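Enquirer: here you go, sequence then predicted model.
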Amino acid sequence: MLTVERQRLIRELLKQQDIVTMQELIEITNASESTIRRDLIQLEKAKVLKRIHGGAARLQGKLVEPSVSEKSSKNLSSKKALASFAANLIEDGDCIYLDAGTTVYEMIPYLQAKQVVVVTNSAYHLDLLIENNIKTYLIGGAIKHQTKAMVGQGAVISLEQYRFDKCFIGANGVHLEYGYTTPDPEEAMIKMTAIRLAQEAYVLVDDSKFNEVFFAKIADLREATIITNNIKESLHKALQAKTNVKVVKA
């Protein structure tokens, strides 16, 4: 099969099932593993897909954003591991910002024994913060129903009243060239402001977020430390050249 035919087939398969394995592609195209690997590298450079362990995944649309309920159940064990590691960075007496990310949400139970003050833009986090008896300030603004996050000019003005020892945020995409991104410019503005107001900034992302790019830029990679789980060694080295990276074994 010619290269152009194999790559067209790979594109069509990804439209149908989002993820394809190396073994599937070998069987369907009757090509060798090294040939398929070269095809995937070329298609990744052409921004058609991203390579993952054992195959490839379709890139998400730049405006696609699942709801909180859809996101909260995905990769839960990884999220809990990242959250536990991040919570251990917090010291008694810290003022911290928690954004509306679902991995950040998993940090809350680990804060129960700490003497901290939390500022958040997440209405979704409130019940768990209250349940754990954590002193909390919810910023103002308009509520975005899909993510239950406070956004807009009012949220930015409200956030500007505070300064943080540490902030912890989520991102939909992490890319070597385009930095941290998210689908909604209003949410990006809140995350960007929180990073600016914090002495130390951390972005919590599982490995599914790498090489994804969304509509709105939050910050350059160097502006926050990445806390993540298993990533390819080559990607780890490339990221470390631009920022601090903490890899947590989930």
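Expert: Ah, there it is. These numbers come from a predicted model, not from an experiment. Numbers count the residues shown, from 1 in each chain.
Enquirer: pull the number of nearby residues for Ala113.
Expert: 9 (other CB atoms under 10 Å). Every C-beta, even on glycine, is put in place using the N, C-alpha and C of the backbone.
Enquirer: quick check, it in a helix?
Expert: No. Under DSSP: H, G, I helix; E, B strand; the rest coil, Ala113 sits outside any helix and is assigned coil.
Enquirer: contact partners for it?
Expert: With contacts defined as CB atoms under 8 Å, 6 or more residues apart in numbering, Ala113 has no neighbours.
Enquirer: check the gap between it and Ala87 for me.
Expert: 10 Å (CB to CB, to the nearest Å).
Enquirer: which helix in this protein has the most residues?
Expert: Secondary structure of the chain per DSSP state H: the longest helix is helix 3-17.
Enquirer: could you list the low-pLDDT ranges of the chain?
Expert: Low-confidence segments of the chain (pLDDT under 70): 61-73, 250.
Enquirer: got any residues that touch both of Ala113 and Ala87?
Expert: By CB under 8 Å, 6+ apart, Ala113 and Ala87 have no common neighbours.
Enquirer: mind listing the helices for this structure?
Expert: Under DSSP H, the chain gives helices at 3-17, 22-29, 33-45, 68-72, 76-87, 102-105, 126-131, 153-159, 185-197, 233-240.
Enquirer: near the residue lying closest to Glu223 once chain neighbours are set aside, how many other residues are there?
Expert: Leaving aside its chain neighbours, Glu223 sits nearest to Ile195 (5.6 Å; criterion: CB to CB, 6 or more residues apart in numbering). Burial measure for Ile195: 22 neighbouring residues, criterion other CB under 10 Å.
Enquirer: any figure for the gap between Ile195 and Tyr97?
Expert: For Ile195, the distance to Tyr97 - CB to CB - is 9 Å.
Enquirer: quickly list what's touching both of the two.
Expert: With CB under 8 Å, 6+ apart, Ile195 and Tyr97 have common neighbours 167, 169.
Enquirer: gap between stretch 205-220 and the chain center?
Expert: Distance of stretch 205-220 from the chain centroid (CA atoms, centre = their mean, to the nearest Å) equals 6 Å.
Enquirer: ok, Val116 - contacts?
Expert: 90, 92-96, 134-135.
Enquirer: could I get these as JSON lines with distance to Asn211?
Expert: Formatted as JSON lines, the contacts of Val116 follow (distance: CB to CB, whole Å):
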{"residue": "Ile90", "distance to Asn211": "29"}
{"residue": "Asp92", "distance to Asn211": "38"}
{"residue": "Gly93", "distance to Asn211": "38"}
{"residue": "Asp94", "distance to Asn211": "32"}
{"residue": "Cys95", "distance to Asn211": "34"}
{"residue": "Ile96", "distance to Asn211": "29"}
{"residue": "Ile134", "distance to Asn211": "35"}
{"residue": "Lys135", "distance to Asn211": "38"}
